[in-house]
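Colleague: The sequence isn't on hand, but the structure is:
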């Protein structure tokens, strides 16, 4: 059993010593037997106990060796007992023989730690590498001649030069910051000092309030930091939060309606305080009447009184609440609803009672020059002068028939004075008269409004001269060679038109019809 504990060379040396003891009687202790059987020198750290093998080894009990290691390496033993550090967290390291990893007797300069930095799981240490630490190099924290387990874990041990607070906030950087980045901090401003960082305060840098790293006695009142921001210059006191919020200065908590009995509605809601309050608000109660602030805005120049709210509301001057149909006998309809007040009310209404007849306001607009009377509503309505005109021409002295119905007003009425328009045909159709006036001005004697081509002149009825035979085929101008309009009378005797055709040279008188027919001179009547 004993021989199995030593290498072959050590066994041979032991046998030689025993033989020498038997033959010479030399004491085994004098020859320092233990050194003779030692497989090699121990490391420099164990050199002082190298001669005392019992300090690390117990005869015939390898299992006891860990206990002997722990007697010297008390810090490692404490880690194993507390379950901390690599030797306490790694299950293998906490139960295996120390010698299985830390082999001795390899010489003074040997390294028996055998740490593989490339594969070491830092989670098995007391300092897990998180955030920026995961990108660091071992040498950044572990310096030479210092045991790996003894590397400092306090932030300032490595980051003292990075401390912008210059120690003013203590050494526990992790109380505020995270390993991810210095700018990512977890400091609970409210829990630690009672001042919550809300609204705009969340975006303020620490130095914005804590100048020169002064953190004690920092004011928590608004005016303590914002006195220079007080546009009221102290006129409204020091309690900024009674009106404003931490979101921005413009967001106000001040309930103007409850505090002053003057609710800020419409345009008033967006007005700045100093537009009305030009002096200290607490010591001056403003007049709440409209005219007290808006006298310069009164386009009526006082003509409608001082109570602007009778007509207007807080939304806009243009949005009038005046009920014209209720307050007057003249409802505003159509174009009247968009007309400006001053368009009709040229003077103060309490001094002048306006007429409600159309012509009272629109006399200057009357293109008819009063020829159609003063009641414009007979034809027009409030929608517009030209929209839905109700005039019925059939009730006039000239009803619109045939082609006249398709004509636009301006075709006959060159001006708005409709009574000036001529009612006779030639008044409008002189240019269309192919007779050039020879048949007179009364076109309707022959023609009708449907078409020029559809004429109905009855020559017998109108003149007593029937058009038959060859006469029926003649044009009007064949007989009517002189203009009828000039008073010229067209003769009805045969000889008056056919004197040049009389081959008898007047021998048989002037009544050609006694012998001849109207269809031809060649056809002779039978004599009785």
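Modeller: That came through fine. Nothing here was measured: the structure is a model prediction, and the numbers come from that model. Numbering: from 1, shown residues only.

Colleague: burial of residue 379, as a residue count?
Modeller: Here the number of neighbours of residue 379 (other C-beta atoms under 10 Å) works out to 15. Backbone N, C-alpha and C define where each C-beta goes, glycine included.

Colleague: Chain neighbours aside, what residue packs nearest to it?
Modeller: Counting by C-beta to C-beta, 6 or more residues apart in numbering, the nearest residue to residue 379 once its immediate chain neighbours are dropped is residue 391, at 4.2 Å.

Colleague: can you pull out the strands in the stretch 51-200 of the chain?
Modeller: Ranges of strands within the stretch 51-200 of the chain are 177-178, 181-185, based on DSSP state E, counting those that start in this stretch.

Colleague: which residues are contacting the shortest one?
Modeller: Contact with strand 177-178 is made by 131, 155, 184-186, as judged by C-beta atoms under 8 Å, 6 or more residues apart in numbering.

Colleague: neighbouring strands for that strand, and are they parallel or not?
Modeller: Applying DSSP bridges to the sheet, strand 177-178 is found paired with strand 181-185 (antiparallel).

Colleague: Run through who's touching the partner strand.
Modeller: For strand 181-185, the surrounding residues in contact (C-beta under 8 Å, 6+ apart) are 131-132, 162, 176-178.

Colleague: and which of these is nearest to residue 260?
Modeller: Distance to residue 260 across the contacts of strand 181-185 (C-beta to C-beta) is lowest for residue 176, with 45.0 Å.

Colleague: got a list of what that closest one touches?
Modeller: Contacts of residue 176 (C-beta under 8 Å, 6+ apart): 169, 185-187.

Colleague: Low-confidence ranges, the stretch 101-250 of the chain, go.
Modeller: Scanning the stretch 101-250 of the chain for pLDDT under 70 picks out nothing.

Colleague: where do the helices sit along it?
Modeller: In chain order, the stretch 101-250 of the chain shows helices spanning 138-141, 155-159, 189-193, 206-209, 222-226, with DSSP state H, counting those that start in this stretch as the criterion.

Colleague: could I get these as TSV with distance to residue 456 and mean neighbour count?
Modeller: TSV is the format used below for the helices of the stretch 101-250 of the chain (distance: least, C-beta to C-beta, whole Å; neighbours: other C-beta atoms under 10 Å):
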stretch	distance to residue 456	mean neighbour count
helix 138-141	123	12
helix 155-159	120	14
helix 189-193	108	12
helix 206-209	105	14
helix 222-226	101	15
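
Colleague: What is the neighbour count of the nearest residue to residue 463 once chain neighbours are set aside?
Modeller: Once flanking residues are discounted, residue 463 sits nearest to residue 492: 7.4 Å by C-beta to C-beta, 6+ apart. By the criterion of other C-beta under 10 Å, residue 492 has 11 neighbours.

Colleague: Where does residue 492 sit, in terms of helix or strand?
Modeller: Counting by DSSP states H and E, there is no helix or strand that carries residue 492.

Colleague: Likewise for residue 39?
Modeller: Here residue 39, judged by DSSP H and E, is contained in no helix and no strand.

Colleague: next one: residue 325
Modeller: Residue 325 is part of helix 324-327, with elements assigned from DSSP H and E.

Colleague: what helices or strands is that helix leaning on?
Modeller: Here helix 324-327 touches no other helix or strand, going by 3 or more C-beta pairs under 8 Å, 6 or more residues apart in numbering; DSSP states H and E.

Colleague: Buried residues, stretch 303-313. List them.
Modeller: For stretch 303-313, the neighbour count (16 or more other C-beta atoms under 10 Å) marks 303-304, 308, 311-312 as buried.

Colleague: Same check on stretch 48-60?
Modeller: Neighbour-count burial for stretch 48-60 flags 50, 56-57 (criterion: 16+ other C-beta under 10 Å).

Colleague: again, but for stretch 417-437
Modeller: Neighbour-count burial for stretch 417-437, with 16+ other C-beta under 10 Å as criterion, is recorded at 418, 421, 425-426, 428, 433.

Colleague: now stretch 477-491
Modeller: Using 16+ other C-beta under 10 Å as the test for burial, stretch 477-491 gives 479, 484.

Colleague: now this protein, which segments are flagged as low pLDDT?
Modeller: Scanning the chain for pLDDT under 70 picks out the ranges 1-36, 279-284, 319-320, 347-352, 485-487, 527-528.

Colleague: let's go with 50 and repeat that
Modeller: By pLDDT under 50, the weakly predicted segments of the chain are 1-6, 9, 26-31, 350.

Colleague: got the domain boundaries for it?
Modeller: According to automatic domain parsing, the chain comprises the domains 256-268+288-356, 360-423.

Colleague: about what we covered before: between the buried residues of stretch 303-313, which is closest to residue 488?
Modeller: The closest of the buried residues of stretch 303-313 to residue 488 turns out to be residue 303 (C-beta to C-beta; 72.6 Å).

Colleague: now the helices: where do they sit in the stretch 301-450 of the chain?
Modeller: Using DSSP H, counting those that start in this stretch, helices in the stretch 301-450 of the chain cover 324-327, 341-344, 358-362, 409-412, 425-429.
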